[in-house]
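*Asks:* Any chance you can model this:
(chains A and B)
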Amino acid sequence: MKISHNWLKEYIDISLKPAVLAENLSKVGLEVGGYEDFAAKYEKFVVGEVLERGNHPNADRLSLCKVNVGSEVLEIVCGAPNVAAGQKVPVALVGATIPRNQHDPEGKSFTLERAHIRGIQSNGMICSSFELGLGEDANGILVLKRSAKPGMPFAKFLGLTDVLYDMEVTANRGDWLSHIGVAREIQMITGKKASLIRTRIKESKTLTKNHATIRILDEQKCRRYSSRVLKNVKLGPSPQWMQDRLQSVGIRPINNIVDVTNYVLMETGQPLHAFDYDTLAGHAIVVKCAAEGEKFTTLDGKERILKADTLMICDGERPVAIAGVMGGANTEISEGTTTVLIESANFDPSSVRRTSKYLGLSTDASQRFERGVDIEMTLYAANRAAQLIQEFTGAEVLKGSIDVYPKKARPTFVSLRVKRTNAVLGTSLSKQEIISSLRRLELIPAAQTKETVKFRVPSFRYDIAEEIDLIEEVARAYGYDNVETKTRMTVDFSKPLRTTSLQDEIRNYLIGAGFNEILTYSLQDRVKGHLMADKAVEVLNPVSAEASVLRTSLVPGALTVVQHNRSHGQKDLRLFEIGNVFGLRGEKPEKTLDAYVEEERLLVLLSGNVISAQYGSEHRTADLFDLKGEIQALISKFCLDKYRFIYYDSASALIESALAVEINGTYAGFLGEVGKSIAQRFDIDGALFVCELRVSDLQRGWATEKKLIPLPRFPGVHRDLAFVVNAGIQHETVARGIREAGGTLLANLVLFDLYVGDQIGAGNKSLAYSLEFQPLDRTLTDREIDAEVLRIVKHVEATCNAKLRAL
Amino acid sequence: MTEKINQVRVAFDNELSGAVTGDELEQVRVKFLSRNGAIAQLFEEMKSVPAAEKPVLGKLLNTLKNAAQGAFDERKKTLSQSKEQRTRSIDLTLPGRPKPIGTKHPLTQTMDEIKKIFMTMGFSVATGPEIETDYYNFGALNFPPEHPARDMQDTFFIAKDILLRTHTSPVQIRTMEQQRPPVREIMPGRVYRNEAVSARSLVSFHQIEGLYVDRGVTFSDLKGTLVAFAHQFYGKDVKFKFRPTFFPFTEPSADMYISCFLCKGEGCRMCKFVGWLEIMGSGMVHPHVLQNVGYDPEVFTGFAFGMGIERIACLRYGVDDLRLFYENDVRFLQQF
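*Replies:* Model (predicted):
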């Protein structure tokens, strides 16, 4: 929202410099995003007239000029080739800040001083457009038009005497969307009074009420409708000053009638609409809702389809405007218009918002009505518009206004407790201090006790309804900077602090294991979203197809990351992500949260080499067992031995050679190789291994309380055993056989070799194990161990159809 | 006796010249030069030698002892020198065996650091769902229905009254519903906004929110806590300011700015030449919000604050395109 400094001065006396004003407005919450103050920028620049141009006695390329700058004639040394007597030129006086120095490589600004140039004193500087920051021409001085008056401030010559502020208005302050609103805020800052311009209208004898009727049929949605009728209006352009003002705040001038309505809008915040009176059937205005599906063409020439709750302004026969949003083409001001009916109404904020949202049509009017417009402003604004139109066109203003105001708004009173105010802010303000600062916001004390003040809230402050709103006003008026920054506080330890989480621990562990943490988008396209699950949660109003479905698994996102990295030459990848995935519990989206599944998962991915090419050893690409080992270590670390893998026989296209991971007897996720067909979709040709686990299952299994198991006091004994078995016999079967026979004495079992080859016959494999026996109460004798080993061998040979290969 | 001395000399010379390792040398020392060695043995035998022969034999034996010790020391020295030479022949400039370097995502690092600072002030961590109801995301947070305040956060909808949370503030409500004051929590998480994707804006990003509700919490405490955070996180020299703003769920509300840590407030590209950076929104919890969770606003007051992690990470690491965080190029990740 653009606000003009000069325009503000119509309503309040401002002596603050723009920079100071901008800072002070930001301090009270009306953020000034930016402004350009040309008057300050060209403070010591004036129009000059070159009276004489002579040669510099000591330098061929320099001229010595006598320049009339209005108040005096200055001798100025000038190096430009194009300077000549009779020219009007921009002159920087001593003390001026030259915006850009054309002799500096970065063009830095500098302050002009009285200088001796080759022995001659120069008392100013004739500037190029580069130096003024107005253009890139640095070859010669800027020559101004002949009519320029010597001595005139340069900014004024350029017509840049105003300062335009870019205001960022918060959603609660509709009243700031006008110059009077901003002026009232300045009133709080400076204490000077802000007030509207008094209206003076010469009314004719003809009574308005005999020439127009206004009826409000929906008093909920339209709370007030004020109107003026003007005859013998001569359509034409509005005066230049008004066109300039409108343009400066970003509004295109159209004609004197429309310009006045826009001007009054920017002045008061009250949206106005002007109808061509002669096109209004029955010269009547009826405010009521549209019929469902009714069509209506707005001023912009677009046809709109209306709903049953769209509030419309109608004439005796048909709709003529969408209330609070936009007028209709059928009653628009045009060349032939001679009589005008001005609408100055107040509409319900949520009604206007619904309509504006539904139509996808946001206008200066709708934006203000949505936030709330001062209901006491309608009549003033109608009168003000009538006055201006009369001033510009000599129109006849009919006698009296029509002001339909079914339920006059009662003023709002809000009480404020001094103690409570200080308790919220941490201040120690007195009642008097509070009263005097709120008075500047036109919050007038209506009644008070020792501790409490009841304030009357002005009608333009829609945002003040209760005590906390007043406390905020006190804080703004007192200044946030003035509230003490309290650096001492007691910490309450009555509740246990939760300072670590399994997620943090897992992250740290995996980082130690050489994995890179990734974070991927949770909104995906439909293909990725449905890759790992049939049902996915979809967004009703996606911004693009790429982000329309909530992820059902962390795998597709990780594959995208692999794809990106591989295409940039990074093939050895160790990645993990912790994040939420989403699903539908039932068949379709429902209105309750129970219908949705949201669970946190951990994804771990391996691809490329696990041992990179290096001297002294072969490189090796990752296989399923590398990942299995990482996952075993991870789960063991956090959940000890409370997990197992379950082996599937079948493989899906998605994940080949899949294993299910069970923690504490619950399915927690899977581990496997990404199917070739899936990998190819992501242009990945190498093998990829992924594991995805539910964090909640890890959490449940997380062994946070640990107890020491005493270290063995007696030496353990190692023995190695190798069995030849049929290739179809699984390691787990053999290992189980060993454990069964080994009992509690067998403390550790490690598969250290797997061999397939000629030595053991086709269709066989050799599994070599290292066994560790650990007695708790004595030292084992060789005989005891031999007997133990023999028992194991016999058991395994019997149960696994195995043959002992070596002892 | 003379013969014996000569025998020991010959044996010593032979064995010493045959010793090439430290172990072998040690064996020689034990055999000849130790307390029970052959030479010590000879001195023992000297006791029984007739007195007349003692001077001659004694001289002979002493010569042997000194010569043997000297030869041994000499030998030991050359042996250790040659060991050093062997070691030098290994090319120590060979690289170490490569190890993969794990990294925490820069956004997680930023979040962790923020969490850590608040945890030292007694805050705990709380989380909540990303699919939320209209009530938790807006209603309970005092967003009136049909109010322009809702436009501040363009929303993705899933179904009627079901949406993707637009901020972490619903966790405030969930946390307060589950406990009585004092509540001192920080709430990190992912949030969603229906905005076009660009270098400066993504459809989802991370926030961290904080909440402190107790008896006697004031706006002055809010300022103190957040300034303490800023001094820890951005350095103790940063200047700060609070400016009024509007959030439906806090009142009074304040945006916090710090002096630009890159240009020290002089003005630069990062701070868009204003010298200040907006780092978070904050405010006193609105009485309606407290009422909505069953707290009596006359008894309890509190403050809340929230900041965007991506924005902070951008400032910290000099990242100018948000999408880099989600591309996960390992060459990017491994820089942090």
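*Asks:* Identify the single longest helix in chain B, thanks.
*Replies:* Criterion DSSP state H: the longest helix present in chain B is helix B:54-88.
*Asks:* Measure how far that one is from the centre of its chain, please.
*Replies:* Relative to the centre of its chain, helix B:54-88 is centred 56 Å away, using Cα atoms, centre = their mean, to the nearest Å.
*Asks:* Beyond that helix, next helix or strand please.
*Replies:* helix B:106-120 (DSSP states H and E).
*Asks:* For that following helix, which outside residues touch it?
*Replies:* A:497, A:499, A:504, A:507, A:517, A:519, B:104, B:125, B:186, B:188, B:206, B:208, B:210, B:229, B:232-233, B:307, B:309-310, B:312-313, B:316-317, B:319, B:325, B:333, B:336 (Cβ atoms under 8 Å, 6 or more residues apart in numbering or on different chains). Glycine gets a C-beta too; all of them are placed from N, C-alpha and C.
*Asks:* What of stretch B:154-164?
*Replies:* A:523, A:537-542, A:550, A:589-593, A:595-596, B:130-135, B:137, B:166, B:191-195, B:203-204.
*Asks:* So which of those are in strands?
*Replies:* A:523, A:550, A:596, B:131-133, B:191-192, B:204 (DSSP state E).
*Asks:* most surrounded residue in the residues you listed?
*Replies:* Neighbour counts for these, by other Cβ atoms under 10 Å in any protein chain shown, peak at B:E132, which reaches 29 neighbours.
*Asks:* Just give me the neighbour total for A:S696.
*Replies:* With other Cβ under 10 Å as criterion, A:S696 counts 15.
*Asks:* Now the closest residue to chain B within the stretch 651-800 of chain A: closest residue in space, sequence neighbours ignored.
*Replies:* As assessed by Cβ to the nearest Cβ, chain B sits closest to A:V695 within the stretch 651-800 of chain A, at 11.2 Å. Sequence neighbours aside, A:E600 is the residue nearest to A:V695 in space, at 4.1 Å (criterion: Cβ to Cβ, 6 or more residues apart in numbering or on different chains).
*Asks:* A:E577 is in contact with the one you found, correct?
*Replies:* No - in this structure, A:E600 is not within contact of A:E577 by Cβ atoms under 8 Å, at 10.6 Å.
*Asks:* ok, those two, which is more surrounded?
*Replies:* Neighbour count, other Cβ under 10 Å: between A:E600 and A:E577, A:E577 has more, with 23 against 18.
*Asks:* Looks like that one contacts A:L554 (just checking).
*Replies:* Yes - using Cβ under 8 Å, A:E577 is in contact with A:L554, at 5.2 Å.
*Asks:* quick one: the closest residue in space to A:K149 that isn't next to it in sequence and B:D161, what's the gap?
*Replies:* The shortest distance from A:K149 to any non-neighbouring residue, by Cβ to Cβ, 6+ apart, is to A:V47 (6.1 Å). Separation of A:V47 from B:D161 (Cβ to Cβ, to the nearest Å): 66 Å.
*Asks:* What of B:M152?
*Replies:* Distance from B:M152 to B:D161, by Cβ to Cβ: 19 Å.
*Asks:* Tell me how many other residues surround residue 106.
*Replies:* Answering for chain A, as no chain was given. Applying other Cβ under 10 Å, we find 6 residues neighbouring A:E106.
*Asks:* The chain in question should be chain B.
*Replies:* 23.
*Asks:* about what we covered before: helix or strand for the residue nearest to A:V695, which one?
*Replies:* In the assignment (DSSP H and E), A:E600 maps to strand A:596-607.
*Asks:* Tell me which strands that strand pairs with, and in which orientation.
*Replies:* Strand A:596-607 has the following sheet partners, assigned by DSSP bridges: strand A:573-584 (antiparallel), strand A:688-694 (antiparallel).
*Asks:* any chance you could read off phi and psi for the closest residue to B:K31 other than its chain neighbours?
*Replies:* Excluding its sequence neighbours, the residue lying closest to B:K31 (Cβ to Cβ, 6+ apart) is B:G37, at 5.8 Å. As for B:G37, its main-chain torsions (degrees, to the nearest 10) stand at phi -70, psi 180.
*Asks:* Give me the residues contacting stretch A:464-483.
*Replies:* The contact list for stretch A:464-483, computed with Cβ under 8 Å, 6+ apart, reads A:27-29, A:188, A:412, A:414-417, A:420-421, A:424-427, A:429, A:433-434, A:437-438, A:440-441, A:443, A:455, A:457, A:463, B:219-220, B:223, B:241-244, B:251-254, B:286-287.
*Asks:* Strands - which of those residues land there?
*Replies:* Residues of the contacts of stretch A:464-483 located in strands (DSSP E): A:412, A:414-417, A:455, A:457, B:241-244, B:251-254.
*Asks:* Most neighbours among the residues you listed, please name it.
*Replies:* Across those, the neighbour count under other Cβ under 10 Å reaches its highest value at B:P252, namely 29 neighbours.
*Asks:* Tell me which residues touch that residue, please.
*Replies:* A:425, A:471-472, A:475-476, A:480, B:219, B:244, B:283-284.
*Asks:* coming back round to it: need the pLDDT of the residue of the stretch 651-800 of chain A closest to chain B.
*Replies:* If you check A:V695, the pLDDT there is 95.
*Asks:* how far is stretch B:148-166 from where the chain is centred?
*Replies:* 37 Å.
*Asks:* average pLDDT for that stretch?
*Replies:* Average pLDDT, stretch B:148-166: 87.
*Asks:* Mind listing what's buried along it?
*Replies:* Across stretch B:148-166, burial judged by 16 or more other Cβ atoms under 10 Å in any protein chain shown covers B:148-150, B:152-153, B:155-159, B:161-166.
*Asks:* end-to-end on that stretch?
*Replies:* Distance across stretch B:148-166, first residue to last, is 15 Å (Cα to Cα, to the nearest Å).
*Asks:* Now the one helix or strand in chain B whose mean pLDDT sits lowest: buried residues?
*Replies:* Counting by mean pLDDT, DSSP states H and E, chain B has its least confident helix or strand at helix B:54-88, which shows a mean of 79. Residues of helix B:54-88 classed as buried by neighbour count (16+ other Cβ under 10 Å): B:57, B:60-61, B:64-65, B:68, B:72, B:75-76.
*Asks:* Would you mind pulling up the elements that the longest helix of chain B packs against?
*Replies:* helix B:2-18, helix B:22-28, helix B:38-46 (3 or more Cβ pairs under 8 Å, 6 or more residues apart in numbering or on different chains; DSSP states H and E).
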